[in-house]
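S.K.: predicted model, plus sequence, below.
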Amino acid sequence: MNSVKRREFLKSSLVLGAVAAAATTTPLRAAGEKNQPTRELYELRRYHLRRGPMTKRFDDFYRNATIPAMNRAGMNPVGVFTVAVGPDNPTMYVLITHKTAESLVTATDRLRADENYQKAGAEFINAPATDPSYVRVESSLMLAFEGMPKLEVPKPAGENKSRIFELRTYESHSKKANKKKIEMFNSGEIAIFRRAGVMPVFFGETLVGEQMPNLTYLVVFENGREREKAWGAFGSDPEWQKLKSQPGYGDADIVSSISNVLLRPTGYSQV
């Protein structure tokens with residue numbers, strides 16, 4: 001095995017190992033439910049840019065090269081967002097949906113083999129060290145919750161209407177506590193979200209990433225006013241008050257930190 005193939009093998013093994021490790025306690029199908037939908041995998045990328053030409057080059061690359069190529073390879077939908085309220089602006093958030101672990105592991109090679117992608121994205125792909133396409137890119141891998149196994153594209157996305165997204169990350173002091181919070185979402189909190197008007201896009205258990213253990217989810221609102229209204233309705237919901245008062249479900253026991261970023265979709269985002 002030559003050095004290039006060895007590196008690719010090791011990279012694939014590490015990613016699949018992470019997925020397999022999670023599957024020992026969180027199977028891709030709910031235990032005992034043969035007809036339960038398989039859970040998707042989500043890759044969330046953060047491209048750190050500099051103001052100026054980098055932002056246009058990024059937009060052109062994802063609009064004209066990357067999203068079409070990912071869709072041809074079966075990766076869809078692809079969400080691309082700018083930071084509305086949050087740190088490190090400009091940073092572009094990219095949400096990639098994988099139906100299988102194989103899709104995740106082979107994604108880079110499939111894009112590299114796509115001639116249309118290479119041609120349309122040449123400026124970004126072949127940027128020299130003196131004029132890089134981005135400062136740095138970070139990535140995390142998540143497994144969808146049993147209570148929401150597939151990403152839900154908001155209705156306004158197809159109509160290109162204005163909308164605002166909230167990306168929230170819940171850190172826990174231990175994996176046991178992290179699993180308890182995931183259980184809480186699956187057992188009722190997601191349903192309360194929907195009833196209150198906090199419309200979910202995805203919920204994911206982070207398998208690989210920073211500040212672990214954690215879970216991350218994305219919700220969407222028509223605007224800032226509707227966001228405040230929905231969170232107010234959620235906070236006062238009787239079922240939520242009952243759920244969070246149950247033993248073991250208090251934030252003090254299972255959540256050590258919560259962070260959130262407000263995002264706006266680009267004009268070419270599919271989410």
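M.R.: Cool, the structure landed.

S.K.: going forward, measure contacts between C-alpha atoms and count neighbours the same way
M.R.: OK.

S.K.: which residues does residue 154 contact?
M.R.: Applying C-alpha atoms under 8 Å, 6 or more residues apart in numbering, one finds that residue 154 lies in contact with 201, 220, 271.

S.K.: I misspoke; the intended subject was residue 89.
M.R.: Residue 89 makes contact with 48, 49, 83 under the criterion C-alpha under 8 Å, 6+ apart.

S.K.: could you redo the last one with a cut-off of 10 Å?
M.R.: Contacts for residue 89 were tallied using C-alpha atoms under 10 Å, 6 or more residues apart in numbering; they are 48, 49, 50, 51, 82, 83.

S.K.: hmm, back to that, in TSV: the contacts of residue 154, plus neighbour count.
M.R.: Below are the contacts of residue 154 laid out as TSV (neighbours: other C-alpha atoms under 10 Å):
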residue	neighbour count
201	19
220	24
271	24
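
S.K.: out of these, which sit inside strands?
M.R.: When DSSP state E defines the strands, the subset of those inside them is 201, 220.

S.K.: nearest to residue 186 among the contacts of residue 154?
M.R.: residue 201 (14.6 Å; C-alpha to C-alpha).

S.K.: not counting sequence-adjacent ones, nearest residue to that closest one?
M.R.: Closest residue to residue 201 apart from its sequence neighbours, by C-alpha to C-alpha, 6 or more residues apart in numbering: residue 152 at 4.9 Å.

S.K.: and if you look at residue 85?
M.R.: For residue 85, the closest residue by C-alpha to C-alpha, 6+ apart turns out to be residue 262, at 5.0 Å.

S.K.: show me what the one you found bridges to in the sheet.
M.R.: The partner list for residue 262 in beta bridges (DSSP bridges) reads residue 85, residue 166.

S.K.: could you report the neighbour count for it?
M.R.: 19 (other C-alpha atoms under 10 Å).

S.K.: got the contact list for it?
M.R.: By C-alpha under 10 Å, 6+ apart, the contact list for residue 262 reads 81-86, 164-168, 218-220, 224.

S.K.: can you pull out the strands in the stretch 1-150 of the chain?
M.R.: For the stretch 1-150 of the chain, the strands defined by DSSP state E, counting those that start in this stretch occupy 41-48, 78-85, 91-98, 136-144.

S.K.: and the longest one, which strands flank it?
M.R.: Take DSSP bridges as the rule and strand 136-144 pairs in its sheet with strand 41-48 (antiparallel), strand 199-208 (antiparallel).
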